[in-house]
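Undergrad: with the input below, show me the fold.
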Amino acid sequence: MGNFLIEIKKQNKNIFQPKDVLLPEHYDTIINAINIVAGYDEDTGIHNAPSTAYNLRLHVEQITEQLQPLYKRQANVEKRSAVADSICLMIEGFRTDINKTVSENQCQKEGIKRFYCLQQKI
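TA: Next comes the predicted model:
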């Protein structure tokens with residue numbers, strides 16, 4: 001999570017705290033930072049560390065979900081709406097931007113392991 005926050009701050013100097021990341025306009029920054037930290041290769045479409053990408057996604061979702069009640073208690077309608085929008089965007093967007101890639105990467109690695117094991121038996 002530390003490397004993720006460092007990468008986010010490199011990409012956007014206006015982000016000072018983890019909760020600043022959770023505004024919908026920072027969604028692309030979040031995806032880029034997760035991909036950089038997880039070692040995403042655009043040529044092959046593979047993360048070097050797919051579990052890191054998946055875990056970062058979970059952490060960002062958890063932080064977003066924890067902030068929603070905080071903003072509800074403060075009766076801050078603007079921030080409450082922004083966090084609600086972020087939750088929707090992250091749940092739907094992460095399914096296509098992170099989960100699909102991670103699943104494909106893990107299946108490829110599992111397929112390579114199975115092929116190697118079968119080759120060893122022959």
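
Undergrad: quick one, strands of the chain?
TA: Using DSSP state E, the strands of the chain run over 40-41, 46-47.

Undergrad: quick check: which of those strands is buried the most?
TA: Of all the strands of the chain, strand 46-47 has the most neighbours on average by mean count of other Cβ atoms under 10 Å, namely a mean of 20. All C-beta spots, glycine's among them, are computed from the backbone N, C-alpha and C.

Undergrad: can you tell me the strand partners of that strand and which way each runs?
TA: With DSSP bridges as the test, strand 46-47 is paired with strand 40-41 (antiparallel).

Undergrad: picking up where we left off before, okay if I get the strands of the chain as TSV plus distance to Lys10 and mean pLDDT?
TA: TSV is the format used below for the strands of the chain (distance: least, Cβ to Cβ, whole Å; pLDDT from 0 to 100):
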stretch	distance to Lys10	mean pLDDT
strand 40-41	16	85
strand 46-47	19	79
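
Undergrad: export these as TSV, with columns for distance to Asn32.
TA: As requested, the strands of the chain are exported to TSV (distance: least, Cβ to Cβ, whole Å):
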stretch	distance to Asn32
strand 40-41	9
strand 46-47	13
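
Undergrad: which residue lies nearest the spatial centre of this protein?
TA: In the chain, the residue lying closest to the centroid (Cα atoms, centre = their mean) is Arg57, at 3.2 Å.

Undergrad: returning to what we had before: wait, which of the strands of the chain is closest to Leu23?
TA: Closest approach to Leu23 among the strands of the chain (Cβ to Cβ): strand 40-41, 22.9 Å.
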